[in-house]
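Student: sequence isn't available, so here's the structure alone:
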């Protein structure tokens, strides 16, 4: 590699103006090497400098030794979608070194460990070898700690190269190590050693620079699964049953972390919640059906394969009218698929889940703040409607760090729905003039009143079942009884339209083209709309937050000539669902869908829409 | 030992036997399951149980229909095939003062539900788990179940080639703390075991041979009435005495009996029959089950009990108030905590 002097701009690299607060960095490492701490430190430090930033972990289904990538996007306008090119690559993994170079823009920068002895294939990049081992040996730490700390070398070199503020790095480390002075100082020492070495030995390069902003003031960073868990705690979650699966697991694990802090009596050590790690997803959902029937706010988190296993019990919950909440943090299917990569591939699966005529209320959080909000709201909706609610998040939203406003306390009292305790039963009969029946619709909204085990009124008990039953929960095979019941259940879905969150709609004046998306596809759509606008294409955008669709969705669908439905799956599943709901509009929906394991990029969305516009 | 006022027919909680009944059974005439339902009614009546403090659970199958035929005043959930245990666990957390009675069958427990059965035992959920075991699928009309004896020949199915699953052995291997086997043709023993099971601290497994008169009741087959009558070998005669009656025991004969005190202070008095069997000896439990299998005997009685093993409820500190009666104030953290939560996040 002698032909590449460190930091020397090769003659074949284009001349460039400095780029400030608008570039991306990818860290190419081996999983299990402790690089996550370094990568998060860079992300948090940039955020602390007031600059909008996002991070995406592209990791293997493996514990140690396989390639992993972490991409940080700095964008002064606040766009957070994945970008397809890297401006800076930090290459620490010899196995992927040559491949990693291919994604760098011409004139981009490569920081690499000098242990990589490969000859680079491109001469239009700027190379900085880093003597990681030598620098780490110069620090006074135990040999066992060296491996953990060595990834901080690239943080130091990067800090010198692009101008990461040292105080911001310190704040990030203090957060990561929960204020423990020793690891903070050890890591800071390594970063400083690397910074000083770079300043003394590397040729300066101002292609990419960070300059402090105030754009993140008052904001927080969180992953969607943590936000969802915290939201659920404010929703009064009482019973959690789960089975480990990527990328769902970190949601219940956040509940395990935060529930004792927020819901345990510090004086007595008493907890008013229960968490069970079940023997499988079938048992997890069975426990939820029991708990939800018993009157508890019950939830689980899983991913596609787990949801497949839960399907039969969810059908029972629908038919026996048991409230519960399932978070499906989607990953790439079918089958085991790509367990550590993101997708929106369970949309139709959930929509049509279960045998017989079955419906589930679905929520689609589009950012980490909505993960928090849906965390508590899902319980209100489930109990109000006496139906399972499935919240469709995904790996990108659930496991990556996102900027957001501080979490907001629920803006309304809990809605526990129609529950009758001992004396309520008497009042019910006085009010309605009818004998209470578990499945008797007295309000005309399809939603009956329920009693809960432990109710000591001798008339409170009923026999819940997945077989045919009448208004008084008596077994019945009568055709009229069956039809009456199944039509009442359909009515509940109509009622639910008033209780689910409406869409987020953004308009441009006189736009004729509409875009519809759900969930984490939002990031790419937001950026694509901005670029399309500058290219002369005005768009209105509706991000749907729930099914059943509300009247705002009806209006949007009916008032646009053509609507691009942007999503992360092969078949255009959201488009299929829209077509089922609005068959008369079917010809207006256009598919913009792909799945390759990666979050959508704005570039791909733009190209797809423009090429379809030309047709 | 019952507390029923013989004049009025009303027990100590003011209820008559009729208050414990269910709907008329729709199972076959002579089905063993009906006999068991009757003993559940009798046991609850005699134990002065408040029906509203019981929750019934079942899976799918003939046995799982039977909760409709007893304790009409108790909540009940007829769930999915083999997966009643998980549902029962969730439901009993709603109000930990309630007692669960689960009714399952040999198909429900020993085939599709074997995993949940063993994990229920592992968690030691306080409930009575009854297996109405007849060696055959009744509701789907006469297929072999996993407890069918090797060599059993059924009308439409031919001959069973496989060794049976022994529910008591499976329970023991899973560290069950209360394992009993009985016979629907021995109602007195069924009733006493039910009463004892109700006082047990954790899960109490009752494997009750309950003949299917329609599909599997030939005289020489192990799940039949005739076989049971001829080959039942009782480990002991047992009498259950609730804790509150302990001072009034009069018929205590020293020497021939062995008392087992349960966690709530009630006592099972075991009257020796043949050998002196100690149901607290787990090794002996495995041995007698193996021996009975070798001798092709229907061994009945309290096979194993460990009265003091903590239940899942004992492993955590829970408030006294039932979870399902908690209000918003108790389960939603107060408003001022949201600021702390936001401080836990990394902020700019």
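Tutor: Received it, and whenever you're ready, just let me know what you need. What you see is a predicted model, and the numbers here were worked out from it, not measured in a lab.
Student: what about chain B, any weak spots by pLDDT?
Tutor: B:1-4, B:6, B:246-255 (pLDDT under 70).
Student: where do the helices of it begin and end?
Tutor: Here chain B has its helices, by DSSP state H, at B:32-46, B:62-65, B:84-92, B:106-107, B:114-123, B:167-173, B:187-198, B:225-231, B:282-295, B:328-331, B:337-344.
Student: and the angle for the third one with helix B:114-123?
Tutor: Angle between the axes of helix B:84-92 and helix B:114-123 is 40 degrees (criterion: axes from the mean of the first three to the mean of the last three Cα atoms, to 10 degrees).
Student: which other helices and strands contact helix B:84-92?
Tutor: In terms of contacts (3 or more Cβ pairs under 8 Å, 6 or more residues apart in numbering or on different chains; DSSP states H and E), helix B:84-92 is packed against strand A:239-242, helix A:281-293, strand B:54-58, strand B:99-105, helix B:114-123, strand B:127-133. Bear in mind the C-beta positions are built from the backbone N, C-alpha and C, glycine included.
Student: residue B:186: which of the ones you listed is closest?
Tutor: strand B:127-133 (13.7 Å; Cβ to Cβ).
Student: how long is stretch A:231-250 from one end to the other?
Tutor: Counting by Cα to Cα, to the nearest Å, you get 14 Å between the two ends of stretch A:231-250.
Student: again with stretch B:310-319
Tutor: For stretch B:310-319, the end-to-end distance is 17 Å (Cα to Cα).
Student: quick revisit: what's the closest of the helices and strands packed on helix B:84-92 to residue A:269?
Tutor: Nearest to residue A:269, of the helices and strands packed on helix B:84-92 and by Cβ to Cβ, is strand A:239-242 at 18.8 Å.
Student: now the closest one: average pLDDT?
Tutor: Regarding strand A:239-242, the rounded mean pLDDT is 98.
Student: by contact count, what packs against that strand?
Tutor: So strand A:239-242, by 3+ Cβ pairs under 8 Å, 6+ apart, packs with helix A:250-263, strand A:274-277, helix A:281-293, strand A:298-302, helix B:84-92.
Student: quick one: closest of the ones you listed to residue A:176.
Tutor: Closest among the helices and strands packed on strand A:239-242, using Cβ to Cβ: helix A:250-263, at 15.1 Å.
Student: the closest one close to chain B?
Tutor: Yes. Helix A:250-263 reaches chain B (Cβ under 8 Å from any Cβ of the partner chain) through A:258, A:262, A:263.
Student: now, of these, which are buried?
Tutor: Neighbour counting by 16 or more other Cβ atoms under 10 Å in any protein chain shown classes A:258, A:262, A:263 among the residues of helix A:250-263 next to chain B as buried.
Student: in this structure the second one contacts residue B:333, no?
Tutor: Yes. Counting by Cβ atoms under 8 Å, residue A:262 touches residue B:333, with 4.6 Å between them.
Student: OK, contacts around residue A:255?
Tutor: A:229, A:232, A:233, A:237, A:240, A:275 (Cβ atoms under 8 Å, 6 or more residues apart in numbering or on different chains).
Student: any regions of chain A where pLDDT drops low?
Tutor: In chain A, residues with pLDDT under 70: A:1-16.
Student: any idea which helix or strand comes after the helix or strand containing residue A:318?
Tutor: Following DSSP states H and E, one finds residue A:318 within helix A:304-320. Downstream of helix A:304-320, the next assigned helix or strand under DSSP H and E is strand A:324-332.
Student: and that next one, what does it pack onto?
Tutor: Checking 3+ Cβ pairs under 8 Å, 6+ apart, strand A:324-332 ends up next to helix A:224-234, helix A:281-293, strand A:298-302, helix A:304-320, strand A:338-342, helix A:368-385, strand A:388-394, helix A:395-399.
Student: tell me the contacts of residue A:470?
Tutor: Contacts of residue A:470 (Cβ under 8 Å, 6+ apart): A:437, A:439, A:476, A:478, A:481, A:485.
Student: and which of the residues you listed is nearest chain B?
Tutor: residue A:476 (12.7 Å; Cβ to the nearest Cβ).
Student: ok, back up a step: what angle do the helix holding residue A:318 and strand A:324-332 make?
Tutor: Using the same axes, to 10 degrees: helix A:304-320 against strand A:324-332 is 150 degrees.
Student: distance from helix A:304-320 to the middle of the chain?
Tutor: How far helix A:304-320 lies from its chain's middle: 22 Å, per Cα atoms, centre = their mean, to the nearest Å.
Student: then stretch A:32-46?
Tutor: With Cα atoms, centre = their mean, you get 19 Å for stretch A:32-46.
Student: could you do stretch A:375-386 as well?
Tutor: Centroid separation for stretch A:375-386 versus its chain: 20 Å, with Cα atoms, centre = their mean.
Student: cool, and stretch A:244-254?
Tutor: 12 Å.
Student: tell me what the helix holding residue A:318 is packed against?
Tutor: Using 3+ Cβ pairs under 8 Å, 6+ apart: helix A:304-320 touches helix A:281-293, strand A:324-332, helix A:347-351, strand A:388-394.
Student: circling back to that earlier point, how about the helices of chain B in TSV, adding distance to residue A:318?
Tutor: Formatted as TSV, those follow (distance: least, Cβ to Cβ, whole Å):
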stretch	distance to residue A:318
helix B:32-46	29
helix B:62-65	20
helix B:84-92	15
helix B:106-107	25
helix B:114-123	21
helix B:167-173	32
helix B:187-198	34
helix B:225-231	42
helix B:282-295	42
helix B:328-331	25
helix B:337-344	33
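Student: closest to residue A:375 out of these?
Tutor: So among the helices of chain B, helix B:337-344 is nearest, using Cβ to Cβ, at 11.8 Å.
Student: now the closest one against helix A:224-234, angle please.
Tutor: Using the same axes, to 10 degrees: helix B:337-344 against helix A:224-234 is 160 degrees.
Student: show me what counts as buried in helix B:337-344.
Tutor: Buried-residue list, helix B:337-344, by 16+ other Cβ under 10 Å: B:338, B:341, B:342, B:344.
Student: looking at these, spot the one nearest residue B:245.
Tutor: Distances from residue B:245 to the buried residues of helix B:337-344, taken by Cβ to Cβ, are shortest for residue B:341, at 53.4 Å.
Student: which residues touch the closest one?
Tutor: By Cβ under 8 Å, 6+ apart, the residues touching residue B:341 are A:230, A:258, A:262, A:407.
Student: run the last query once more with 6 Å
Tutor: residue A:230 (Cβ atoms under 6 Å, 6 or more residues apart in numbering or on different chains).
Student: count of residues packed around residue B:18?
Tutor: By the criterion of other Cβ atoms under 10 Å in any protein chain shown, residue B:18 has 10 neighbours.
Student: er, residue A:118 I mean
Tutor: By other Cβ under 10 Å, neighbour count at residue A:118 equals 12.
Student: cool, residue B:256 as well?
Tutor: For residue B:256, the neighbour count with other Cβ under 10 Å is 13.
Student: ok, the one 5 residues further on next?
Tutor: By other Cβ under 10 Å, 15 other residues sit near residue B:261.
Student: excluding covalently adjacent residues, which one is nearest to residue A:425?
Tutor: Using Cβ to Cβ, 6 or more residues apart in numbering or on different chains and skipping residues adjacent in sequence, the residue nearest residue A:425 is residue A:457, 5.0 Å away.
Student: cool, residue A:173 as well?
Tutor: residue A:184 (4.7 Å).
Student: among the helices and strands packed on strand A:324-332, which is nearest residue A:492?
Tutor: Among the helices and strands packed on strand A:324-332, if distance is taken as Cβ to Cβ, the winner is helix A:368-385, at 5.7 Å.
Student: what is the orientation angle of the closest one with strand A:324-332?
Tutor: Computed by the same axes, to 10 degrees, the angle between helix A:368-385 and strand A:324-332 is 140 degrees.
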